[in-house]
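S.K.: what follows is a protein structure lacking sequence information:
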């Protein structure tokens, strides 16, 4: 069965700091990977996704993620965070061609002005 | 596009009452998902449908929970009888045809069971 681990539960950064959120998955076959963001009081929305091709994926709002197959990782990065990036970030994995997506437990990011 | 529509947005009920949550997926999407989000357990998949057929309901907590999808444009999640521990935000999401795809989430229903 597929599973996702997000090791950082709560991250606090100052504006302009660089961000890296860890995500590791456990599944030996082909995977599709996602990062979703949930702003306070809102629903989840897609930030970026990886299905195939270039392992460095660029998403909205300056976010990017790198798929490293050998490390089973799909870490999210942003070179300079803004206060408006305060949100909860979820990594998710899908495998085997099925629609079911398994979500990680989420990382709450708080950006201090 | 209207996006995924959920109703009601907020529901407050008393323990023992029946609760019905509703979802209208994005037109043309053929997969629908029900999630529950709590502080303690995070985001949990309860059940998902493909072409109106339940594919995986292993996340449904117990027999008090049931979900139906009578047609491609409507789904319900019912809790009967409700309990205080069912208090959570319930999200519905839909995705398009084929294999893995982006899920589009609705605004959620915040359920409070007193």
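M.R.: Right, received. Where do you want to start? Everything quoted here is computed from the prediction, not taken from an experiment. Numbers count the residues shown, from 1 in each chain, chains lettered A, B, ... in the order given.
S.K.: switch to C-alpha atoms for all contacts and neighbour counts from now on
M.R.: Noted.
S.K.: excluding its backbone neighbours, what's nearest residue B:101?
M.R.: residue B:95 (6.1 Å; CA to CA, 6 or more residues apart in numbering or on different chains).
S.K.: need the pLDDT of residue 68.
M.R.: I'll assume chain A. Confidence at residue A:68, expressed as pLDDT, is 94.
S.K.: the chain in question should be chain B.
M.R.: pLDDT at residue B:68 comes out at 97.
S.K.: surely it meets residue B:75?
M.R.: Yes: with contact defined as CA atoms under 8 Å, residue B:68 reaches residue B:75; the gap is 5.6 Å.
S.K.: settle this for me: residue B:70 is touching residue B:50, isn't it.
M.R.: No: counting by CA under 8 Å, residue B:70 stays clear of residue B:50, with 11.9 Å between them.
S.K.: more neighbours, the two?
M.R.: residue B:50 (22 against 11; other CA atoms under 10 Å in any protein chain shown).
S.K.: for the helix or strand of chain A with the lowest mean pLDDT, the distance to its chain's centre please.
M.R.: One helix or strand of chain A scores below all others by mean pLDDT, DSSP states H and E: strand A:101-103, with a mean of 86. Here strand A:101-103 is found 12 Å from its chain centre; the criterion is CA atoms, centre = their mean, to the nearest Å.
S.K.: run through who's touching that strand.
M.R.: For strand A:101-103, contacts defined as CA atoms under 8 Å, 6 or more residues apart in numbering or on different chains pick out A:2-4, A:90-95, B:43-45.
S.K.: same thing with stretch A:104-113?
M.R.: By CA under 8 Å, 6+ apart, stretch A:104-113 touches A:3-6, A:8-15, A:21, A:81-92, B:41-43.
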